[in-house]
Structure formats: C-alpha cells, structure tokens
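Asks: Compute the structure for the input listed below.
(chains A and B)
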There are 2 protein chains.
Amino acid sequence: MICHGLLRTLRLHAQTSTCKRAGFACQAVQRDSRYAALQRLDVDVFTAILGSQNVVQDTETLQSSNRDWMGKYVGQSQVILRPSSTQELSKVMAHCNDRKLAVVPQAGNTGLAGGSVPIFDEVILQTAQMNRIHSFDEVSGALQCQAGCILGELNEHLAAAGYVMPLDLGPKDKCQIGGNVSTNAGGLKLIRYGSLHGSVLGLEVVLANGTIIDTMTPLRKDNTGYDVKQLFIGAEGTLGIISGVSILCPPKPAAVNLMFLAVQDWSAALQTFVRAKRKLAEVLSAFEFLDSSALDLTLHQLPHIVNPLPDHQAPFYLLVETSGSNGDHDQSKLKDFLKEAKHDKLIQGGTVASDSAHIGEIWQLRENISVALNKAGKTYKYDMSLPVAEMYGLVEDVRQRLQKYPVRVVGYGHLGDSNVHLNVSTEEWDDDVLHDLEPYVYDWVADRKGSISAEHGLGQMKSQYIGYTKQPDTVDMMRDLKQLLDPNGILNPYKVLPEHVSFPSAVNDRLMASRSKSASY
Amino acid sequence: MICHGLLRTLRLHAQTSTCKRAGFACQAVQRDSRYAALQRLDVDVFTAILGSQNVVQDTETLQSSNRDWMGKYVGQSQVILRPSSTQELSKVMAHCNDRKLAVVPQAGNTGLAGGSVPIFDEVILQTAQMNRIHSFDEVSGALQCQAGCILGELNEHLAAAGYVMPLDLGPKDKCQIGGNVSTNAGGLKLIRYGSLHGSVLGLEVVLANGTIIDTMTPLRKDNTGYDVKQLFIGAEGTLGIISGVSILCPPKPAAVNLMFLAVQDWSAALQTFVRAKRKLAEVLSAFEFLDSSALDLTLHQLPHIVNPLPDHQAPFYLLVETSGSNGDHDQSKLKDFLKEAKHDKLIQGGTVASDSAHIGEIWQLRENISVALNKAGKTYKYDMSLPVAEMYGLVEDVRQRLQKYPVRVVGYGHLGDSNVHLNVSTEEWDDDVLHDLEPYVYDWVADRKGSISAEHGLGQMKSQYIGYTKQPDTVDMMRDLKQLLDPNGILNPYKVLPEHVSFPSAVNDRLMASRSKSASY
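Replies: Below you'll find the predicted structure:
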C-alpha cells in the first residue's frame, strides 16, 4: 500500500493560470485542468436543486465571499451555493462530482490559513443556511445540530439549560460549528475541555460523490468498528463536507474568575503554569499569555480596549481562568495559588476579575489581538506547537533576525497547550521579510519536533510545509485517504496536501537513503 | 468511491474448515484460503529476526495463548512471536505480508469479545516484550512508551511524578496500553478523563506490509492534515499494530472519596446522577451502578469480597467517586450532594470511603463482577450504549424473556457514560437461551439507536452485528479503509468486519429501496 500514483497524477494536471495570493511564498499553484469550468447548465441544475435565491452570482456577494476576512486570500469563484439540508447538499455534490467541478466549503470564513476561500474558480458552498438545532439532552449534555449553526448562538441556546459549548474562540459570533470541527479548532478552553476529537460524538458528512456518511449519535461510547468520523475532524473540508454535528457539552460553570498577571520573564511564566496546574487543578479553565508587544499594539490600535494593569510594565502577561461549581471553593483555591506565586516572586502584579463585565473586558483584550494586528497593516501569521520551555524562544529569535526591518514581532497564545502565535506585523507585504521568515520558522519548529500548525490548519498558506511536521509515510497515507474518499479531487483543492511536499533537510536525507534501498515499500 | 469489490473478494475465499467457538451464534466462519499455512521456512525467517527464544512453539504456551481468559474462544495457532522493537515488528510484518500469513496481535489478552485470540492458524504476535517507557514530561503530563507496557505499571511509574493514567479498568495489572488503545478502552474514569480519542497524542503503528506510521509527539496540538492515528484507535488491530503510544496524563488527585449508595429504583439512580453532575461537577470521577443480582452473585462467588452495605437491601447500588486537588473542598461538595440526595429521598442508605484501603475494598467489588461471573459458569456478555433512561429496561426485559430458563440476569456498568453491561449467567452454554438472546438484544438496541458495543469492541463475538449500530455506507467506508491499509487482509482476520453484514429489518428495507433506485452510489 501507500502508492504514489496520486502524487504523480496531481503533477500531470497543472495549467498555466496562477493564483492570486498577496505577499506569500506561493509555490506558483496553477489551476488544475482536471476540473471543469462552470457552465450555464450547471447553474440550471443548482437552481433546480436549491431554488434561484440560493444560487448567488451577483458581483458584490461574489467579491466578498471570494475573500478571507483578512483580505489576504482572494479567489475567482463565479457562483455561491447555499443548501439548507443535507439532501440538497448531497445532490449538489453528486452533480459537482459528475461534472468534475471543484468545490470550496465555506462556513464562517474566519480561518487564518486561507482554507475557506477559493483559489481559482471553485464553486463556493456555504453552510450558513444549515443552521437548525436538532436536539439537546439535558441529562447527558449531548447537542445535535446542523453544521451551519454559529458557535456563539449555540452557546446562547445551551445557557438556558445550564450548559456551554466545549470550545471558545475569538470569532465565536461568526464561526460555525461545522467549520470549527472541519478545522479541529482549539481556542481558549482546550486546556479544560480537551480537543474536538474527544468531544465530538458523531458527524454527518457528505462525501465528494454525494454519499452521506451518518454517524450522528447522542451517545458517548461506541466501539463498533473504525471511528470514521475522526478523519473529517481537521481535514479542512478536503475529505467531505460536514453537514451535522453531535457534540458533548459540559455544564456551565457556576463561578468564573479571571486573573490577569504580570510576570518578569518566560521562566516565571512557566513556573506559574506548573503552580496553576497543581493549585487550581480541576478548576483551571484557561492559561493564556501575551507579550508586551501584543499588549501595546492592541491598546494602540483599538482604543476601546482597556488595559487591565495600567500601572504595571512587564514583558509577559498571563490570563489564568478558573471555572467551577462552587464559587467559594474556587476563590479559596485562587487565593492559595496567588499567595504561593507571590511568595515565590513569580508574579509582579495582577488583578482578579470575578464579575462577568470585568471578566469580559479582560478577555476582549486577548481576543482582539488578531483584530488589532489586522488593523495595523499586514501580518505574517504563524501558529506553532512547541515544547513549552522553548516556545517563546521562537519569538525572540525571529525578533532578533528581523531587527533590520521596520516590523513588529508579536507573541501570544495558549501557554497551557504549548501553542504560540507568532505574528510579524508590517505596513505592507515585503518579500525580503518573507524570505527571512520562511522556511526559517518552519525549520526552527521541525528541529524541535513541534507542529507548524497547532490549531489554524494548513489551508493554502502552509500546505507546502506539511513535511516539516508529518513524516513522509504519513503524508503518503493521507494522499491515499484523499484518493479513496475524493478520487476526482474536487473537494477544496490545492489545500492541505500540496502538489509537491518539501521536507526539512534531515528528513530528506533519511528519505533518499531509505528509498534508494528499496524501489517501493 | 465506496466500492464493493472487497466484499465480493472476501466471499470468494471461504474454505471448509470451521472455527471452534463455544456456545455462540457463530455464522460458520471458515478459514480463508487466501492465507498461507505456516512453514518451516517462515519459522526460520522469524528466528533470524527475533532470535529463537522469541519464536515460541511449545504446546503448553501455544495452548494458553490460543485461548482467551474466559475460555470462550480457542484458536489453532502454531506459533507465537515476541518482538522487542518496532523494527523487529516491522520486519516480521513485511514477511507475513509477502507470504500472506494471517496475524493476530495479542496484548494482555483480557478482552471480552475474542478479538485477541486466533480463530484458525493465525500467527500470534505478542507485544509484551515491547515494554519500555521512552519519556515522561512532568510539566505537560505527556507519557511516551512502547505499546506493551502494562497499564498498572505505567500508573506506578507516573505516581512518583504525581500523575495518573487517563483510564482505569479492572484488568489493569494485565492489560497493555497498546491493547487499550487498539480497543479504545473506556473503563471506570471515562466520565472524568474522556475517551482515548482525546487523550492519545500520538501513535507509532506498523502496517500490514511493515511500513511504520510514526505520529508520536508529546505535544497536545497538531493540525497539519488528517489525524491518521485516530483510525487505529479502536480498530482492534485490523488496520495496523500499535507499537508506541504517546498519551496525555492528568495530575494525580490529592483527595479521593468513594460513596457506595443504595437506591430504590432506576428513576432514583438517574436523579442521583443528575444531582451528582451539578453538585460534584468537576470533581466527579466515576458514576457506576450494579444491580442486586450482580452484588449477590459476586459476594456468593468470591467470599473475600466485602459487602459495603451489609444492612441494606436495595435493587440498585451506585459507586460515586470524587477526585480533586483539595480534600476539604471535595468533602464539602460531597456533603452538600448527600444532604440534597437524602432530603429528596433519592438514596436509601450509603457509606463514604475516604481512605485508600476502604476505597480499594469497594472498587474490588465493582471490578470483580466479571471475575465472579466467570467463576459462576458460562456467561453471555453484552456491552450496550443506550439512552440512560432506557438503559436498565434492557436488563429487565431480558430477565422477563428468559424467565423459563435457570439463568441469572445481571446488570451493571457505567451509568455516567450511558453504558450497561448485560450478563446472562448459565451453568453451561445453552443454544435455546442464545436463540432467545440474539439477535433480540441487538434489535432492542438498534431500535433505540444505541451501540451494540459501547466499549468492548466487536472482536469475533459481535462482528456480524455491526450493521445494528453502523449505517451501510459507513460499513462500506470501513471496508474500503481496510482494503487500503491491509490489501491482503492479513491483520486480525474474521473480526470487526464480517464477511456478511446483517442489518436490522428497518435498515434492510431502506437499503433495498435505495439500491434498487441506483445500481451504484
């Protein structure tokens, strides 16, 4: 097994038109001639399935749906489809597959790696109208809904029953649960509620040819054969389009506290984390960090954002949240934790928010760093998973490396999950900066066996660097899975699995040595 | 995609010799003539790879390794292989694949569905010698080890660093982590630490042809492409053999309390559960139940087991455990919970254990029900996931249905996870009893959209009933995955995916209607 047929096939079908990607180390991706161009007949078929109001071709809407929210990636699609049901979606896909029309699924379009916008003329398939909640079980906490439900709205729905969604992220008022699952979104509460691979109970997925794979269940346990739904979690819509989600939701905590702490160096930040794991333990629900550069930029760009510690200057700030069922117990744990941290001189200063307005104000700061960066100009964004001790070293190293440029290097992220967001903010895209960044940062991560995409996915931005995290045999297995489930390659093409995979030099050397020993494996 | 080629292929290769399965609705499985028979030459190759001491053919060892621990399933293997490293395992598999020798991976051989013993003459591949711990990170809690490490021994290793394994089950002193992952073991703490799909960080897997898929990482987040390791979690060794595991371990709780409560009916048990979720919330670490039949049988068969409530007779008993970082807080939550439950007359009586000896004594009772059943005679064992309100209805219904037989019907399980273990204890296997049980119990579960195997897996016992939980298209997708990863079908054959799939009548009718509409899909 693990054939290389698909790899070769993909290479044969390159055309000459190239994609429009602003400021990127774009490996001259070309439109694949395997795919048909949209014809009047296709629009007629879509209209018959969806009704004319759900087949959108007006210039303004096309323009907005062809762009990601950062304005970084711009596609050339000529049609947007808006199914309301799984059956409609299935019929649309069957037609696209027969006609070899490429398709890009688009949920909230809040991604950071260009995964949800077309590159060429792919049909845009929006899930926004698939937004019905099927059921919620107040005993088990199992929610079943269509994929297009908005994360924040699901949270509101659950609040009445005393539950919350098991994930939380900045764009919660726009992102959809189907997109969250497709990108295996991590976010602010992963440290508490774990990954979607654990909390998703079942999925309904429409494959490229329209086949509906239905594993929807409100039950927590099922060991009857392979857990096929897992393949679609984080596949960024390249293996199938998620149409329904069943997910386990935790009870809404009765008490929440949020600390905003200033620490003097990375070592103190780490020690504070270890202390929080011990002292806050089961009530710890977030452990985030930002550096002073992230704080300054956000306060500067977004004047409505409040500085939680106006009288403290420190290189690092931590957001440490507790969520529990008993406010007194949580307060007592929190005081114990703070007392120890102060005694050991880990923290320079801090504030504790216990009412929801104050808590919301502090989270606003953390959640708007990305928005502030977007306002400040152009941003080279990286999302790395690294051993926690070395994590901030990447930011420092890049800051040093780019000293000669008028750029601002910003670091923040999910310290508790070993996940750093490295952002390089410039006025305009600059090929020299980019050249000094890539593949340097990917090599840096590969050397430490980290992940070049902890939570944002590969999309179109990072697909060519998949080999910096995944082993060659694993990439080959992915290609085989793609070929099995989408033999025409119509689902979200040019993303996740690139035409050519680059590996870091150490892997390349090993690969050449082993492949010269045996022609096939 | 979703071809039916494999299905047809499998049907062509049936031979005449049938398997030996005691007391089972065995669909006359026959040895598949695709597989080669072991020859002297093969033994020589294995000896060259592993050394003669790791190629075992003595009668006594063969006899014991050919049987499962219950003595229910007996195979006819002629050789046991014991690799110590992934490289050795890879070489062995490459040879088996070239020669089309069927292989059954065997870890602790503690399964309940006959998944880890051969049916015919499959080579037994034992992982017990692959028992090295690679690393443990005391900051993140990530453990990396070989697959053959014993669960209980890993727990002991972690205790020194203040951590525990994220799963716990009865045979912890024998079962291996690789077997746990291969069967997606649930166990006693799933309600707290979630499923292995969430806590396994990475795997090393040897495919049928010897290819090593290495996704081992101590890091929690990685969104670079498809999460291929998930396919092997719960695949029962039919897609690859797990050789290494990276797993996230939670801190060892500072305080543990265990309540043993008597409740008067199922409704009170459910209300107690809802109350526990609210009042114990983040410190709730187990919510188990047993019926009086399970209690009586266990106390009768195993005189060393202590009755925690000798003065109370009740139809149901609950084990409710808390684990937390602060003993005083947990005790306070527990008292609040008990006060409310007593006030609302949910519980008839109970005892609270807070020291480890007393806690251990009560867990002994719960963990030994299965051992007691084995001692009592033969057991028809079922492991169902059902909506929690209807869960015990299955036990009552079966008890009623089997009234005419001299059998004991026992119910226990993981109430908090919607998982009931239905056990029918007889002196000897009885085809009439079996006939009244199957497919009746599977139909019962299918009617309520439950799972016919919540945590035990399908193995050889339940593979023919996969269609009672999984949809036809999902089963087809599984077959395609099997064909992709193990085209010669040598890995743990005759299990998980059966030659012929039965579907409940409602699914069959739908299937026939849709297939008559289109020849392929």
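
Asks: Please identify the helix or strand for A:Trp105.
Replies: Trp isn't right for residue A:105; it's Pro. Here A:Pro105, judged by DSSP states H and E, is contained in strand A:103-106.

Asks: just checking, next helix/strand downstream of that strand?
Replies: Following strand A:103-106 in sequence, per DSSP H and E, is strand A:123-126.

Asks: could you say what helices and strands the helix or strand following that next one packs with?
Replies: Sequence order places strand A:133-136 as the next helix or strand after strand A:123-126, per DSSP H and E. In terms of contacts (3 or more C-beta pairs under 8 Å, 6 or more residues apart in numbering or on different chains; DSSP states H and E), strand A:133-136 is packed against strand A:142-146, helix A:151-159. The way it works is simple: take the backbone N, C-alpha and C, and place the C-beta from them, glycine included.

Asks: Those: which one's closest to B:Asp432?
Replies: Among the helices and strands packed on strand A:133-136, strand A:142-146 comes nearest to B:Asp432, with 38.3 Å by C-beta to C-beta.

Asks: That closest one packs against which elements?
Replies: Looks like strand A:142-146 contacts strand A:133-136, helix A:151-159, strand A:241-248 (3+ C-beta pairs under 8 Å, 6+ apart).

Asks: what's the most buried one of these?
Replies: strand A:241-248 (a mean of 26; mean count of other C-beta atoms under 10 Å in any protein chain shown).

Asks: Show me what that strand packs onto, helices and strands only.
Replies: If you count contacts as 3+ C-beta pairs under 8 Å, 6+ apart, strand A:241-248 packs onto helix A:86-99, strand A:142-146, helix A:177-182, helix A:196-199, strand A:200-206.

Asks: how about 7 Å then?
Replies: Here strand A:241-248 touches helix A:86-99, strand A:142-146, helix A:177-182, strand A:200-206, going by 3 or more C-beta pairs under 7 Å, 6 or more residues apart in numbering or on different chains; DSSP states H and E.

Asks: before we move on, the earlier item: what would the helices and strands packed on strand A:133-136 look like in TSV with distance to B:Gly489 and mean pLDDT?
Replies: Converted to TSV, those look like this (distance: least, C-beta to C-beta, whole Å; pLDDT from 0 to 100):
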stretch	distance to B:Gly489	mean pLDDT
strand A:142-146	36	98
helix A:151-159	43	98
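
Asks: Between these, which one is closest to A:Val501.
Replies: Between those, helix A:151-159 lies closest to A:Val501; by C-beta to C-beta that is 32.6 Å.

Asks: what does that closest one rub up against?
Replies: Residues from elsewhere that reach helix A:151-159 (C-beta atoms under 7 Å, 6 or more residues apart in numbering or on different chains): A:133, A:136, A:143, A:145, A:164-165, A:172-173, A:175-177, A:180, A:249, A:252.

Asks: among those, which ones are buried?
Replies: A:136, A:143, A:145, A:164-165, A:172, A:175-177, A:180, A:249, A:252 (16 or more other C-beta atoms under 10 Å in any protein chain shown).

Asks: Most widely separated two among those?
Replies: Across the buried ones among the contacts of helix A:151-159, the longest distance by C-beta to C-beta is 21.2 Å; it joins A:Gln176 and A:Lys252.

Asks: okay, which residue is most central for chain A?
Replies: For chain A, A:His456 is the residue whose C-alpha lies nearest the centre (C-alpha atoms, centre = their mean; 2.9 Å).

Asks: Using CSV, list the CA coordinates for the strand holding A:Pro105.
Replies: As requested, the backbone C-alpha atoms of strand A:103-106 are provided in CSV (Å, rounded to 0.1, in the frame of the first residue of the first chain):
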residue,chain,number,x,y,z
VAL,A,103,-15.8,23.0,-4.6
VAL,A,104,-14.7,25.0,-1.6
PRO,A,105,-16.8,24.6,1.5
GLN,A,106,-17.2,27.9,3.4
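
Asks: Run through who's touching that strand.
Replies: Residues outside strand A:103-106 that contact it (C-beta under 7 Å, 6+ apart): A:65, A:96, A:116-118, A:122-127, A:237, A:241, A:490-492.

Asks: which residue packs closest to the residue in chain A that chain B sits nearest to, ignoring adjacent ones?
Replies: Minimum separation of chain A from chain B (C-beta to the nearest C-beta) falls at A:Gly198, amounting to 2.2 Å. With C-beta to C-beta, 6 or more residues apart in numbering or on different chains as the criterion, A:Gly198 has its nearest non-adjacent residue at 2.2 Å, and that residue is B:Gly198.

Asks: That neighbour: what's it in contact with?
Replies: Going by C-beta under 7 Å, 6+ apart, B:Gly198 touches A:194-195, A:197-198.

Asks: Throw these into JSON lines and include pLDDT, thanks.
Replies: Converted to JSON lines, the contacts of B:Gly198 look like this (pLDDT from 0 to 100):
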{"residue": "A:Gly194", "pLDDT": "96"}
{"residue": "A:Ser195", "pLDDT": "96"}
{"residue": "A:His197", "pLDDT": "98"}
{"residue": "A:Gly198", "pLDDT": "97"}
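
Asks: now for those, which pair is the farthest apart?
Replies: Counting by C-beta to C-beta, the most remote pair of the contacts of B:Gly198 is A:Gly194 and A:His197, 8.1 Å apart.

Asks: Do you have the strands of the stretch 201-350 of chain A handy? List them.
Replies: For the stretch 201-350 of chain A, strands defined by DSSP state E, counting those that start in this stretch occupy the ranges A:212-214, A:241-248, A:255-263, A:284-291, A:316-324, A:347-353.
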